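*Asks:* requesting a structural model of the entry that follows:
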Amino acid sequence: MSLIGFLHKSQSLTVFRSYIVIAITIIVCGISLSIRQLYLQNLPPELVPTCGPDIDYLFETLPILEVFMLAIRGDGNCAEILWSFLGISIPGWLMVAFCAQFVYAIVSLCISNKLHSKS
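*Replies:* Residues are numbered from 1 along each chain as shown. Purely as a prediction, here's the structure:
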């Protein structure tokens, strides 16, 4: 989103705010998916959803929207923690990054409002 805004180079405050609102929407979706993944990873083994077919098989046999919905719902493979750094798994680090981007976007929006109100 930032790249699109940079390439567009609009001087309009409304366009700038629109890009920030779109970015915030995408960031909130990323935070939501990270929370869902962390939820799956922290379930007790008996509550982890059953494993489904491989993703390649799903792409070959199902429409893409159904594959997306199955990926969101998750299966047993989603509960595995394959990598961690400082005790935090990949979705945890992604949530940290998304939260930092969220704060940056909100601060940018507030600064643009203050600058606009002064002029």
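*Asks:* use CA for all of it now, contacts and neighbours both
*Replies:* Fine.
*Asks:* just give the closest residue to the residue sitting nearest the centre point of the chain, not the sequence neighbours.
*Replies:* The centre of the chain sits closest to Gly30, judged by CA atoms, centre = their mean, with a distance of 1.2 Å. Spatial nearest neighbour of Gly30, chain neighbours left out: Phe98 (6.6 Å); criterion: CA to CA, 6 or more residues apart in numbering.
*Asks:* just to revisit the earlier point, quick check: pLDDT value at the residue nearest to the centre of the chain.
*Replies:* Note for Gly30: predicted pLDDT of 93.
*Asks:* that one sits in which helix or strand?
*Replies:* Element membership for Gly30, per DSSP states H and E: helix 13-41.
*Asks:* tell me which stretches of the protein form helices.
*Replies:* Under the criterion DSSP state H, the chain contains helices at 2-8, 13-41, 55-61, 64-73, 90-118.
*Asks:* can I get those helices in a markdown table with distance to Leu82?
*Replies:* Shown next, in a markdown table, are these (distance: least, CA to CA, whole Å):
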| stretch | distance to Leu82 |
| --- | --- |
| helix 2-8 | 30 |
| helix 13-41 | 10 |
| helix 55-61 | 17 |
| helix 64-73 | 17 |
| helix 90-118 | 8 |
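*Asks:* of those, flag the one that's most buried.
*Replies:* Ranked by mean neighbour count, the helices of the chain are led by helix 13-41 with a mean of 17 (mean count of other CA atoms under 10 Å).
*Asks:* thank you, goodbye.
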